[in-house]
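Undergrad: Everything below, folded, please.
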Amino acid sequence: MADGRIHVVGGGLAGSEAAWQAAEAGADVVLHEMRPQRGTEAHATDRLAELVCSNSFRADDACANAVGLLHAEMRRLNSVIMSCADAHQTPAGGALAVDRDGFSEAVTRRLSAHPNIRIERGEVAGEPPATWTRVIIATGPLTSPALAEHIRALTGEAELAFFDAIAPIVHADSIDMGIAWRQSRYDKTGPAGDAAAYVNCPMDRPQYEAFVDALLDGPKTEFKAWEGTPYFDGCLPIEVMAERGRETLRYGPMKPVGLTNPHRPEVKPHAVVQLRQDNALGTLWNMVGFQTKLKHGAQTEVFRTIPGLGNAVFARLGGLHRNTFINSPKLLDARLRLKVQPRLMFAGQITGVEGYVESAGIGLVAGRLAAAEALAQSLDPPPPTTALGALVGHITGGHLLAGAGSFQPMNVNYGLFPPVDASGERPRGRHERGRAKKLAIAERALADLEAWTPVTRSARLAG
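TA: Predicted coordinates for the structure are as follows:
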């Protein structure tokens, strides 16, 4: 007998959002999560929507950043991920960062309490049962081998993968605040209302040069079975960045601009290492941009050469794991359905979007589209002028196929949106023109989102 419920496979951010959206629309949902019966190389708990890398959802300004616009759209569409993120945010300057434990606990409680959602623990090993008429596969970058093999056999596609890395986390009381100081870059106040959201560790030129040498010389974790697999540029290990040029880090995660050392205000740091609050208590801080594949012993040795971290105690050291995604432009239709077997939909990182919010956003769309089909309602994919629609467009046809392996994971960005005419405002200067264009994109997106489907709460449009 056909099972008309929506089966969501994977309880990460995308799967959790898909289940929530479908259930809120009135559909019956079964959410399958294999943890704790089967663990992964990156997860530490059995909670839904566990964050395994950074705790940051990135920039939260809808008028100045594409991911901030995506935040705004998802808030308007009753996103459980954004609601729980807002409720458990930690100071992070202009970004939205969350207490990772409080966040995942909240998502787990919300879904567990929903009358239309049933959570089943256990692996969907291989092909989902043929009786399941609607399935959303949201297994993310760590899809179980049996399911990954079924997808490969079904599509005839070779598996695509890239390396992803995580950054170390430091106990706050082990940071020497006689050397380090609290300040957000340019003293910018973020969504949590804190203008001093980061801990900053300064380096002079000799210290920076010695640090780069140590990064380059330190022993690395290598995975020979993954040889040839590319890194995702948005999450490069810090030592890989250093290999691209000695000044790369000073123009990346260690840039010293917008910061003044109160201990030595007359001396401009040559480079600065920043740490961002990782939990609500403020007892744990993660090293921003310090994803690494250094071996654990080398990490403690090298990172303790950073001024202010000489006696650092690490709650978690960095690591490296593989992410998996499908060739979505070739395999999926505009409704995120597998062309060769339309009962299977895909959502999240496995589709080739990168980032927590992007993954949840595709889950949101998949959940709404699946619910509309289950309830015999009419709903098109979101307009391409919205951040959600721009992401869907990229993974289902916006990418120009240029040969095998050309499709790579991507964060939401303004290049995915159709052009907008902001010339009528005639702003002066390049910066003003850019700001006007971004504002025009945001205003158009939110207006078109309203026309796509009724929204449930107002977006935060920062000035």
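Undergrad: ok but Arg368 is inside a helix, no?
TA: Yes: the assignment for Arg368 by DSSP: H, G, I helix; E, B strand; the rest coil puts it in a helix.
Undergrad: Distance from the chain centre to stretch 20-38, please.
TA: Offset of stretch 20-38 from its chain centre (Cα atoms, centre = their mean, to the nearest Å): 20 Å.
Undergrad: Tabulate the CA atom coordinates of that stretch in PDB.
TA: Extracted C-alpha coordinates of stretch 20-38, given in PDB (Å, rounded to 0.1, in the frame of the first residue of the first chain):
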ATOM      1  CA  TRP A  20       8.900  21.700   9.700                       C
ATOM      2  CA  GLN A  21       7.700  23.500   6.500                       C
ATOM      3  CA  ALA A  22       5.800  20.400   5.200                       C
ATOM      4  CA  ALA A  23       4.200  19.800   8.600                       C
ATOM      5  CA  GLU A  24       3.200  23.500   9.100                       C
ATOM      6  CA  ALA A  25       1.500  23.300   5.700                       C
ATOM      7  CA  GLY A  26      -0.600  20.500   7.000                       C
ATOM      8  CA  ALA A  27       1.200  17.400   5.600                       C
ATOM      9  CA  ASP A  28       2.000  14.300   7.700                       C
ATOM     10  CA  VAL A  29       5.800  13.900   7.900                       C
ATOM     11  CA  VAL A  30       8.200  11.200   9.000                       C
ATOM     12  CA  LEU A  31      11.700  12.500   9.700                       C
ATOM     13  CA  HIS A  32      14.400   9.800   9.600                       C
ATOM     14  CA  GLU A  33      17.700  10.400  11.400                       C
ATOM     15  CA  MET A  34      20.200   7.600  11.700                       C
ATOM     16  CA  ARG A  35      22.000   9.000  14.800                       C
ATOM     17  CA  PRO A  36      22.500   7.700  17.400                       C
ATOM     18  CA  GLN A  37      22.100   4.200  15.900                       C
ATOM     19  CA  ARG A  38      24.700   5.100  13.300                       C
END
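Undergrad: I'd like the mean pLDDT over that stretch, please.
TA: Summarised as a single mean, pLDDT over stretch 20-38 is 91.
Undergrad: Return the residues in contact with the nearest residue to Asn413 once chain neighbours are set aside.
TA: Spatial nearest neighbour of Asn413, excluding adjacent residues (Cβ to Cβ, 6 or more residues apart in numbering): Ala66 at 5.1 Å. Any C-beta I mention is one placed from the backbone N, CA and C, and that applies to glycine too. Shown in contact with Ala66 (Cβ atoms under 8 Å, 6 or more residues apart in numbering): 387, 411-414, 416-417.
Undergrad: Would you mind checking the residues you listed for buried ones?
TA: Among the contacts of Ala66, the ones that count as buried by 16 or more other Cβ atoms under 10 Å are 387, 411-412, 414, 416-417.
Undergrad: could you measure Arg5 against Asp61, distance?
TA: Distance from Arg5 to Asp61, counting by Cβ to Cβ, to the nearest Å: 39 Å.
Undergrad: of the two, who's got more company?
TA: Shown here are Arg5 and Asp61; by other Cβ atoms under 10 Å, Asp61 has more neighbours (23 against 18).
Undergrad: That one: which element?
TA: Element membership for Asp61 (DSSP states H and E) is empty, with no helix or strand holding it.
Undergrad: Tell me the pLDDT of it.
TA: Listed pLDDT for Asp61 reads 94.
Undergrad: again with Gln408
TA: At Gln408, pLDDT is 65.
Undergrad: Now do the helices in the stretch 201-350 of the chain.
TA: 205-217, 238-243, 296-303, 328-331 (DSSP state H, counting those that start in this stretch).
Undergrad: of all these, which lies closest to Val107?
TA: In terms of Cβ to Cβ, the element of these nearest to Val107 is helix 328-331, at 25.1 Å.
Undergrad: What residues sit buried inside the closest one?
TA: Buried, per 16+ other Cβ under 10 Å, within helix 328-331: 328-329, 331.
Undergrad: which stretches of the stretch 151-300 of the chain have low pLDDT?
TA: 157-165, 190-193, 222-234 (pLDDT under 70).
Undergrad: if you set the cut-off to 90 instead, what comes out?
TA: The model of the stretch 151-300 of the chain has pLDDT under 90 over residues 151-169, 173, 185-197, 218-237, 240, 277-284, 289, 291-293, 296.
Undergrad: now the stretch 301-450 of the chain
TA: By pLDDT under 90, the weakly predicted segments of the stretch 301-450 of the chain are 315-331, 352-355, 394-437.
Undergrad: how about the strands of it, start to end?
TA: Residue ranges of the strands in the stretch 301-450 of the chain, as given by DSSP state E, counting those that start in this stretch, are 314-316, 319-325, 337-338, 341-346.
Undergrad: Out of those, which gets nearest to Leu77?
TA: strand 341-346 (17.7 Å).
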